[in-house]
Every structure is written in C-alpha cells, then in structure tokens.
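Chemist: below are the sequence and a predicted model for it; my questions follow.
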Amino acid sequence: MTASVEELKSIASPVVVDARGVSCPGPILAAKKQIGGVAVGNVMEVLATDSGTLKDIPAWCRKMGHDFLGSFEEAGSIHLFLRKSK
Amino acid sequence: MAKKTIIVFSGEYDRLMAAFIIANGAAAMDDDVTMFFTFWGLSALRRTTPSGPPSKQKSGLQTAFSAMLPKSTEKAGLSKFNFGGAGRFMMKKVMKAENVMTVAELLATAREQGIKLIACTMSMDVLGISKEELIDDIEYAGVATYLGEADEANVNLFI
C-alpha cells in the first residue's frame, strides 16, 4: 500500500538523496550511502531520472527492510519516498 | 545477510560491466559479495604499471600472453561490435552521455563497498601474470576457496 502524491508531498523535511542523471546501479548506491545518516523512523526521498528506479528502489527497500512509501514524477524527475525502519 | 558469488571468466568490457553492476547492486543491498577472477577476467584486476619486477620467473610464452592482455579495464574490447576498439570507443561515448559508470569506476566502488576480490592463481600462472601486475588489497586463491564461498551463497554467476 502506497501513499498518495499529496501525502508524499506533505512529508516534512525528508532527507533528500539526489541521484538524478545517474544510471543503474547509481541510484541504489546513492541510497545505500545516505541511509546510514537517516534516523530510524525518518523519511528519505530519492530523486532520480532513471526509470528503472521505480522498480529498483522498492526492491531495495524490501531487501533492506525499509518501508517504501510511494513515488511520483514531476518536471522530469522521479521522487521516491521510503521510511527507514531499522 | 545473504551472499553472492560471481566468477569473472571473461575480460570483455560489456561482460565486466554486467559482473560489476550486479556485484555493486548486491553490496548496496547489504549482501556479502565475492568475485573470483579467472582467465581473461584477470585483466580487470591489472594495474597499468607493475608495482615491481615479477616475483616469479616467466617463460617466453607467459611473457607473450601477459603482454597481449589488456593492462586496464578501459582497454578491454566488447564481446560484440568491437571493430578493433572503435565499438568500445563509441559505447563509452554513449555511456558518458548517459552517465553510466565505467568499469574502472565500478571497480573502485566495489572496493569501497568491501566486495571481496579474489585472483585465481592457476590462471595467473597460465597467463604469465604476477602479483606485481595486479592491484593491491586483493586475495589469491584457487577453486576450493571459490567453492567454499559458493557453498554459503544463494546466487552464483559465471560471467
């Protein structure tokens, strides 16, 4: 179950990882690098342009045990949200 | 934590990309990754200039083999459409425009992520490659080490 775009946009100050312009496996490498600095329970937002991230970030979350909240595309960028859960 | 093992037998640029992308992806998903480099795959671990004279005497044939093998991942040809290196040049041009990581960058990332790199000593002997011609901080072993690692893994690839 994923959140609506409005709900995702209303998330207050998530940690933002900008992986726009990089191709696979860049976005998950960037996510892995940054997740350490996120407190458990907080939200991280991954920005990407590689359409594969729409599947890859949820798969990364399942493997890592984080909650994938949802995604939306806006102005050529993909915004993906996840909650660090451990 | 799961574990993945990858045998890197091929030395072509596209195959090395596939091997390193899978390895780095798995490491980014918190998996333990071991890459075992054998035969043509050894060229991925070569340094441009040896760190010293070879510790093991090479025969004429071994010298010829090691001289013909690429001394950098970025010199490796493609498995298809290589056209004497022109194909690789063109592919790298597209890769750069698309921000795709080069094999050299993927190797550096693999090391940052703590991926275990093992060179097969038997194929080093066959191809006349000494430890001084390979990058630092790698391990040297044979088939039993690889099999031992593969026993613990849930994915094993031969590339």
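Modeler: Now that the structure is in, tell me what you want to look at.
Chemist: low-confidence ranges, chain B, go.
Modeler: Counting by pLDDT under 70, not a single residue of chain B qualifies.
Chemist: up against chain A, what does it have?
Modeler: Within reach of chain A by CB under 8 Å from any CB of the partner chain, chain B has these residues: B:Ile21, B:Asn24, B:Gly25, B:Ala27, B:Ala28, B:Met29, B:Asp30, B:Glu98, B:Asn99, B:Val100, B:Met101, B:Thr109. C-betas here are computed from N, CA, C, even on glycine.
Chemist: the fourth one falls within a helix, correct?
Modeler: What it means is B:Ala27. Yes: counting by DSSP: H, G, I helix; E, B strand; the rest coil, B:Ala27 is part of a helix.
Chemist: and the next helix or strand past the longest helix anywhere in chain A?
Modeler: As assigned by DSSP state H, the longest helix anywhere in chain A is helix A:53-64. Once helix A:53-64 ends, the next helix or strand along the chain (criterion: DSSP states H and E) is strand A:67-74.
Chemist: partners of that next one in the sheet?
Modeler: strand A:77-83 (antiparallel) (DSSP bridges).
Chemist: tally of neighbours for the residue of chain A found nearest chain B?
Modeler: Relative to chain B, the nearest point of chain A is A:Lys32 (4.0 Å; CB to the nearest CB). A:Lys32 has 20 neighbours, counted by other CB atoms under 10 Å in any protein chain shown.
Chemist: where are the low-confidence patches of chain A?
Modeler: A:1.
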